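In: My questions concern the predicted model and sequence given below.
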Amino acid sequence: MLSPVILLAALAVRLSSSGPVLFSQRRVGRDGKAFNLYKFRSMRLITDELDDEDGDPTTFLLGGDTAPGGVEGRDRRTLVGRFMRRCSIDELPQLVNVLRAR
């Protein structure tokens, strides 16, 4: 039932920006079991944001006195990514892990 939505979302991500369609991250779940979290990529890659090719990516990420990995800096979400997050479509690939755990 969700196949058309997943296919359209994958196509939209692919056409909206360069890079992989899926975002994968290692997480620890119930009972300490590690698993891969999958989402549709909703953000531009950091290299796409650098204006100067010789620039240091850590300067962009850390920006002086800010911590890495947070919400600091520019908004890197794509237009497609904003829509997918608002409608939680970016979470659909994670459904594979939910069905596999049952």
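Out: Happy to help now that I have it. Since the model is a prediction, treat every value here as computed from it, not as a measurement.
In: Not counting its neighbours along the chain, what's nearest the residue positioned nearest the centre of the chain?
Out: With distances taken as CA atoms, centre = their mean, the residue of the chain nearest its centroid is Arg41 (3.4 Å). Of all residues not flanking Arg41 in the chain, Phe23 sits nearest, at 4.5 Å (CB to CB, 6 or more residues apart in numbering). The way it works is simple: take the backbone N, C-alpha and C, and place the C-beta from them, glycine included.
In: what's the next secondary structure element after the lowest-mean-pLDDT helix or strand in the chain?
Out: In the chain, no helix or strand scores lower on mean pLDDT, DSSP states H and E than helix 57-62, which sits at a mean of 49. Later in the chain than helix 57-62, the nearest helix or strand by DSSP states H and E is helix 79-86.
In: Which elements pack onto the next helix or strand after that next one?
Out: Next in sequence after helix 79-86, counting helices and strands by DSSP H and E, comes helix 95-101. Using 3 or more CB pairs under 8 Å, 6 or more residues apart in numbering; DSSP states H and E, the elements in contact with helix 95-101 are strand 34-40.
In: Give the buried residues for the strand it packs on.
Out: Residues 38-40 are the ones in strand 34-40 that count as buried (16 or more other CB atoms under 10 Å).
In: tell me which element Gln25 is part of?
Out: Per DSSP H and E: strand 22-28 holds Gln25.
In: quick check, distance from that strand to the centre of its chain.
Out: Per CA atoms, centre = their mean, to the nearest Å, the displacement of strand 22-28 from the mean C-alpha position of its chain is 9 Å.
In: related to what we said a few turns ago, who's in contact with the residue nearest to Arg41?
Out: Applying CB atoms under 8 Å, 6 or more residues apart in numbering to Phe23 gives the contacts 38-42.
In: What average pLDDT does stretch 7-22 get?
Out: The average of the pLDDT scores along stretch 7-22 is 92.
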